[in-house]
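Student: Please work out how this folds:
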Amino acid sequence: MTLGLAAASSLALFGLAPLAGGDPVGVWMTADGASEVRIVACAAAICGFPKDAADPPPSVNLALAPTPDAPRKQILWLERQQDNRWKGWVYSPRSGKTYRARLETEGPDRLKLTGCLVGPLCRSQVWTRSPPQKSIETHNP
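Tutor: Okay, the predicted model is just below:
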């Protein structure tokens, strides 16, 4: 029990304490079901990449949004604002544009991502946590 408390304290120290609304780290299915996004901890923030994309080299500043001159696979970067709320940017591969973004966890398996062009011109999507992949064993007789 002491080990669990020590682990939770260590996570809180680095800004990764368990969240009341759910933890956004993991693999998420986008609203249209066409893509999966892998959200990972990036220092005190979170970053999102296509599920199968390789991790970026350490020299890349993940807080900077992708641009036509510096493209990369990263599609979101968000800093925690409150327990279950994050704020930063999201990149839309479909439009090729980067938008101001908010993310709110709505429980352990749902999150709402809102991207804004300017002021009140925003769109939201609800993403659901992807089920864990089951390993497939092959037996050769």
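Student: CA only for contacts and neighbour counts going forward, please
Tutor: Noted.
Student: ok, which stretches of this protein are strands?
Tutor: For the chain, the strands defined by DSSP state E cover 26-29, 36-42, 45-50, 76-82, 85-92, 97-105, 110-116, 122-129.
Student: which one of those lies closest to Pro57?
Tutor: strand 36-42 (12.4 Å; C-alpha to C-alpha).
Student: Give the full set of residues in contact with the closest residue to Lys73 other than its chain neighbours.
Tutor: Excluding the flanking residues, the one nearest Lys73 by C-alpha to C-alpha, 6 or more residues apart in numbering is Phe49, at 6.1 Å. Phe49 is in contact with 37-39, 73-76, counting by C-alpha atoms under 8 Å, 6 or more residues apart in numbering.
Student: if we can go back for a sec, now mean pLDDT and distance to Ala63 too, for the strands of the chain, in a markdown table please.
Tutor: A markdown table is the format used below for the strands of the chain (pLDDT from 0 to 100; distance: least, C-alpha to C-alpha, whole Å):
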| stretch | mean pLDDT | distance to Ala63 |
| --- | --- | --- |
| strand 26-29 | 96 | 19 |
| strand 36-42 | 93 | 9 |
| strand 45-50 | 92 | 9 |
| strand 76-82 | 93 | 6 |
| strand 85-92 | 94 | 8 |
| strand 97-105 | 94 | 12 |
| strand 110-116 | 96 | 16 |
| strand 122-129 | 96 | 21 |
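Student: got a markdown table for those strands, with distance to Asn61 too?
Tutor: Shown next, in a markdown table, are the strands of the chain (distance: least, C-alpha to C-alpha, whole Å):
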| stretch | distance to Asn61 |
| --- | --- |
| strand 26-29 | 21 |
| strand 36-42 | 10 |
| strand 45-50 | 11 |
| strand 76-82 | 11 |
| strand 85-92 | 14 |
| strand 97-105 | 16 |
| strand 110-116 | 21 |
| strand 122-129 | 26 |
